[in-house]
Every structure is written in structure tokens, then in C-alpha cells.
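[1] Below is the structure, and that's it, no one-letter string:
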């Protein structure tokens, strides 16, 4: 009989998002079930986690997916049933444990043959400083581990510092090689030092999850969008535009597996998130991004030359964050100062400021609604039967995600007030 332990992550985004602290407080020892999610938009190998109440609480961490599928194969069942044996409040995740007679055989979860077969003949971007540093750090980590037996206390501290820095920077690399390296490094650290590197191993396992969060509007998304649109990228590509056929490059992009170029055109943020879960080889990933950067640079140049300023404005406003929109605005304005663009630039800037104001107003309304809810004299504890009092009034405890519609908050407050009134009416009838 083998004991299998699996990390369950992404808890803040699913059915326990609004009561996460309470869930983590009572999860230890409770039943949990893991079940494949083949219809997942980002990863066909994803495995869902359901808690003792049947709530979809999260997913198996990418680092543990292979072992999870081996366990599923070995069990011969459609799902795995076990218990939560550890809770990590810092990373907002739990550890699931189950028993299986033997692990089954699992092939390559993320086959790369279709990516390797893809043909690209367009220009290439230069490797960024971050990617060059990651190459160095991966080699350095391996070389230092080979000398582990001779380490001094200072050597150990230096290694931990290096590896922590690597964990932070590795989020920018969305390639399959990076995911594989982190996994191998975890196994190597456990093999040579047992539990001495538990903290490092945990951070390495959580690195993929951090990357996943930040391709949705965070630093990772900004990093890759910046690579594709910044002047340092655009100018070298435009300098060689006559050496390459942009329409041929477009056809090659359209031939990339899983219609990724179409995804890029439809939704940049979803495109970046999907890249992470495809485990594309770094060489192929860099070719894909280079082709997209070249195509975007040439098309933007053509729009500028044809005075199609309305389309330029539309494309800038389609970028996923205001920060990226403003950066694109600055780049285009620098290129077109003194032309008819000046009028459109003012219009675009006004629209971006309006969007920022709308976001701030929405946040302010939400803050005011929460503040008002806490000042209501008659509310009830949202997560329990025990009443808590503050200044003579009952305080409503609510976990409200940022960006929640104020109308929904108000509805929640009204619902709780109605429930409280029903309870008080029942008490009154009881004692009459």
C-alpha cells in the first residue's frame, strides 16, 4: 500500500472563495475527492478537488498532476477519495492524502510532438535579460547541488538565497522546460537533504500557481505584453520587415496547434493563461511570441501609414490593463506627434482616464457598502449562529472579493437582515 500526498491549490477562486478562512480552519481531517476535469478550458489534464460538502474548492497543483494520474490509473477508479492532512494558510492551499495499492502507468501528459513539428520562418526576438538570467541560475543550481556534501553553512545560505530568487524570476518563463525543471529540482532536494529544504520545496511547488495568478492581469501578463509591444522590440522587427512576408508569417501563426493565434486576436489575457498550461518547449514558445510581435508591429505600422487612427484606438483599448493601454498610447504618440493622431490621442487618453475613474468609483461604492454593513445596528454573523456584538449592535462578518458589484453586497446585507428578523419573530412568538 502506498501513501500519496497531493497539493490542492486555487482555493481563493472557487466555491469557498468567500469563506476561505473558515474552510481552512476546519479542513484538517475532512473528506476530499479528486476527479478529472477534461473539459477544462486551459488544461485537459486538470483534476478538480471537491470537499465534504460537495463544493468545488480548487485543483491539483501542476507539480503533482503526474502522480495524481498515476494514482488514478493504479486505483482503477474515476476519482480518488481521501482526507485533508495538512493546511497551508500562507499559500492558501491544502494537502490531500489517499492510499493506493500501486501506481499506474502514465504516458507523457503534455506531448510536444505537434509543437516541435510547427514551422516558423519569420524574424526572432532577442532573448530578454530575465530569460538569460534564468538559464544561468538553472545551471548554477545544478552545479552547486553536485557539491552538496562539501557545503559550509555559508554555502547553504547562499544556495537558499539563489533558489528563492530563482523561484521569483521563474514565473516569467511559461515554457514546459521551466515546469519540468522545478519538478526535478524538488525531487532532487528531497532526495539529497530530506526535510532540510522543506521551505524551498514548498515555494518551488507553489511557483506555478503564482505564475497562473499573474497571467490574469498581474506582473507576468504585463511582462509578456511589454515584450511584444515595447519600442526595443518593435524597431528591430520593423527594420527587417521587407525581408519577411508578413502574410506568410500570419499563415504560419494560424497553423500553430490549438488555434493559439486566434486566441491571441480574441483575448490577450486568455491567450497568456492558456500558454502556461500547454507546456510548450521554450524554443517554440519564443518563435510563437516572435511571430506575434512581428505581425503586430507591421500591422500597426500599416495602420499608421494609412491614417486608420480609429482602429489603432480600438486595438489599444482592447489591451487587458490600463497600464498596458497607457504604455501603448505613449509609444504610438511618440511616433506620430505632429500628425492628425494628436486629436485621436487626446480622445484615447480621455477614454483611459474615464476607465480608471470608473474602476475607482466602483471600488469606492463597494468600500462604502461594506462600511455601511458594519454600521448596521441589526445584522447577524454571516458564518455562524453565535452573535458578536460591537457597540451594542450585532456585527456582520462578510468576506467580499475586490470588485464585487455594490448591488450584490446590498442584496446580501438585506438577506441577512431578513433572516435575523425571522429569527427574532420566532423568539417573540415562543415567549408570548
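    Now that the structure is in, tell me what you want to look at. As the structure is a computational prediction, the values presented were derived from the model and not from experiment.

[2] Any regions of the stretch 201-350 of the chain where pLDDT drops low?
    216-217, 303-310, 312-313, 320, 323-324, 327, 329-346, 348-349 (pLDDT under 70).

[3] Could you pull up the residues touching residue 96?
    Listed by CB atoms under 8 Å, 6 or more residues apart in numbering, the contact partners of residue 96 are 5-8, 32, 34, 49, 80, 82-85. C-beta: built from backbone N, CA, C; applies to glycine.

[4] now do residue 178
    Neighbour list for residue 178: 134, 170, 282 [criterion: CB under 8 Å, 6+ apart].

[5] Report the buried members of the residues you listed.
    By neighbour count, with 16 or more other CB atoms under 10 Å, the contacts of residue 178 hold 134, 170, 282 as buried.

[6] Quick one: end-to-end length of stretch 43-63, please.
    13 Å (CA to CA, to the nearest Å).

[7] Ok, stretch 31-41 next?
    First residue to last in stretch 31-41 (CA to CA) measures 27 Å.

[8] i'd like the first residue to be 668 from this point on
    Okay, residue one is now 668; in that scheme the one you just asked about reads as stretch 698-708.

[9] sorry, back to before: okay, the contacts of residue 763 in JSON lines with neighbour count next?
    Formatted as JSON lines, those follow (neighbours: other CB atoms under 10 Å):
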{"residue": "672", "neighbour count": "13"}
{"residue": "673", "neighbour count": "23"}
{"residue": "674", "neighbour count": "24"}
{"residue": "675", "neighbour count": "24"}
{"residue": "699", "neighbour count": "24"}
{"residue": "701", "neighbour count": "22"}
{"residue": "716", "neighbour count": "26"}
{"residue": "747", "neighbour count": "24"}
{"residue": "749", "neighbour count": "20"}
{"residue": "750", "neighbour count": "15"}
{"residue": "751", "neighbour count": "23"}
{"residue": "752", "neighbour count": "16"}
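
[10] what residues go with each domain of this structure?
    For the chain, automatic domain parsing gives the domain ranges 669-767, 781-972, 1029-1098.

[11] Next, format these as JSON lines and append distance to residue 1017.
    JSON lines is the format used below for those (distance: least, CB to CB, whole Å):
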{"stretch": "domain 669-767", "distance to residue 1017": "34"}
{"stretch": "domain 781-972", "distance to residue 1017": "20"}
{"stretch": "domain 1029-1098", "distance to residue 1017": "19"}
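
[12] Comparing these, which yields the minimum mean pLDDT?
    For these, mean pLDDT drops lowest on domain 1029-1098, to a mean of 57.

[13] where exactly do the helices run in the stretch 918-1067 of the chain?
    927-933, 935-945, 949-972, 976-984, 989-1003, 1008-1042 (DSSP state H, counting those that start in this stretch).

[14] mind listing what's buried in the first one?
    Taking 16+ other CB under 10 Å as the neighbour-count basis, helix 927-933 is seen to contain the buried residues 927-928, 930-932.

[15] Show me how far it is from its chain's centre.
    18 Å (CA atoms, centre = their mean, to the nearest Å).

[16] what helices or strands is it leaning on?
    Secondary-structure packing of helix 927-933 (3 or more CB pairs under 8 Å, 6 or more residues apart in numbering; DSSP states H and E): helix 913-921, helix 935-945, helix 949-972.

[17] and of those helices, who's closest to residue 885?
    Proximity to residue 885 (CB to CB) singles out helix 935-945 among the helices and strands packed on helix 927-933, at 10.1 Å.

[18] quick revisit: which one of the helices and strands packed on helix 927-933 lies closest to residue 793?
    Among the helices and strands packed on helix 927-933, helix 949-972 sits nearest to residue 793 (CB to CB), with 9.4 Å.

[19] Now do the closest one against helix 935-945, angle only.
    For helix 949-972 against helix 935-945, the angle by axes from the mean of the first three to the mean of the last three CA atoms, to 10 degrees is 170 degrees.

[20] Report the angle between helix 949-972 and helix 913-921.
    On the basis of the same axes, to 10 degrees, helix 949-972 is oriented at 140 degrees to helix 913-921.

[21] any idea how far helix 949-972 is from the chain center?
    Worked out by CA atoms, centre = their mean, helix 949-972 lies 24 Å from the chain centre.

[22] How about stretch 699-708?
    18 Å.

[23] buried sites along it?
    Buried residues in stretch 699-708, counted by 16+ other CB under 10 Å: 699-701, 703-704.

[24] from the chain's centre, how far out does stretch 898-914 sit?
    31 Å.

[25] follow-up on the earlier one: what is the nearest of the contacts of residue 845 to residue 1025?
    residue 837 (35.2 Å).

[26] what sits against residue 806?
    So residue 806 contacts nothing (CB under 8 Å, 6+ apart).

[27] which secondary structure element contains it?
    Applying DSSP states H and E as the criterion places residue 806 in helix 796-813.

[28] next one: residue 701
    Residue 701 belongs to strand 698-703, assigned by DSSP H and E.

[29] Surely residue 801 and residue 838 touch.
    No. Counting by CB atoms under 8 Å, residue 801 stays clear of residue 838, with 10.2 Å between them.

[30] re earlier: tell me which residues are up against the helix or strand just after the helix holding residue 806.
    With elements assigned by DSSP H and E, the helix or strand that comes after helix 796-813 is helix 820-836. Residues from elsewhere that reach helix 820-836 (CB under 8 Å, 6+ apart): 797, 800-801, 804-805, 807-808, 811-812, 814, 818, 852, 864, 867, 870-871, 874.

[31] Now do the helix or strand just after helix 820-836 against helix 820-836, angle only.
    Remark: after helix 820-836, the chain's next helix or strand is helix 843-860, criterion DSSP H and E. For helix 843-860 against helix 820-836, the angle by the same axes, to 10 degrees is 150 degrees.

[32] Any buried residues in helix 843-860, and which?
    Those would be 843-846, 848-850, 852-853, 855-856, 860, for helix 843-860 by 16+ other CB under 10 Å.

[33] Understood, closing this out.
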